[in-house]
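Novice: Return atomic coordinates for the entry below.
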Amino acid sequence: MLSFAEENYLKAIYTLSGEGKNAVLTNALAEKLNTRPASVTDMIQKLSAKKLVKHEKYYGVCLTPSGKKEALQVVRKHRLWETFLVKTLGFKWDEVHEVAEQLEHIQSPLLIEKLDAHLGFPQADPHGDLIPDRHGKMAHIPVKPLHEFPPGSRGKIVSLQNSQPELLRQLEAIKLLPGAVVTILDKKAFDESVEIQMGDKKISLSKQISQQLLMAL
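Specialist: Down below sits the predicted model:
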């Protein structure tokens, strides 16, 4: 059984590595977890001894297959709990992250399986992030930032690059949520803001916001 700290490190490596694809530098992990590089080095040694990560000096740390499996289970629990908090308890989508950070460490596979079934086996959480199944598998949906699509493109908002509460509240106010179908009308040359059509509404998005919205055609 892993400690809370070990699970947090594995999840952070998974997130920073692009879902386990790339190595992560110690300083990036320290910044992500708000701790000292020396503490990160100590934890990497512990995780390496458990064969959950591999570390090469000057290259970084990456997850082993066992480490990725453990990280995906933490991600699964986190996203299921976020879904439960929104759908069942009535939390807003900008209020659930910190609570789910605590709940994700509950060590009861049976509870998580019953939670998944209670929710109807959702494929994505309220932010549009895909939920791994009990085997760590999840659907693959090719997405890229809305800002990178040319005018005339029509697609669905799938998820967000980050879940900062300020961003979530702003998107909530204009009802631009995962699942929304939008058409890109124009991209302004001066400030790279993007004009979109959503239903009968035209909305102007700053470059910063349009880069955070992940869209699939």
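
Novice: so who does residue 47 touch?
Specialist: Neighbour list for residue 47: 6, 9, 10, 53, 67 [criterion: CB atoms under 8 Å, 6 or more residues apart in numbering]. Every residue, glycine included, has its C-beta placed from N, CA and C.

Novice: quick one, phi psi at it?
Specialist: Dihedral angles of residue 47 (phi, psi; degrees, to the nearest 10) stand at phi -70, psi -30.

Novice: mind checking how far it is from residue 70?
Specialist: Using CB to CB, to the nearest Å, one obtains 9 Å as the distance from residue 47 to residue 70.

Novice: Of the contacts of residue 47, which belong to helices?
Specialist: Among these, the members falling in helices (DSSP state H) are 6, 9, 10, 67.

Novice: per-residue confidence for the third one?
Specialist: It refers to residue 10. Looking at residue 10, its pLDDT stands at 97.

Novice: Pretty sure it sits against residue 74.
Specialist: Yes. Contact criterion CB atoms under 8 Å: residue 10 and residue 74 qualify, at 6.5 Å.

Novice: residues contacting the residue nearest to the spatial centre of the chain?
Specialist: The residue lying closest to the centre of the chain (CA atoms, centre = their mean) is residue 129, at 5.4 Å. Contact analysis of residue 129 by CB under 8 Å, 6+ apart lists 79, 159, 160.

Novice: Quick check: the first one touching residue 123?
Specialist: This points to residue 79. No. Contact criterion CB under 8 Å: residue 79 and residue 123 do not qualify, at 10.0 Å.

Novice: Overlap in contacts, the two.
Specialist: 130, 131.

Novice: Now residue 113: closest residue in space, sequence neighbours ignored.
Specialist: residue 134 (6.6 Å; CB to CB, 6 or more residues apart in numbering).

Novice: Show the pLDDT at that neighbour.
Specialist: Per-residue pLDDT puts residue 134 at 94.
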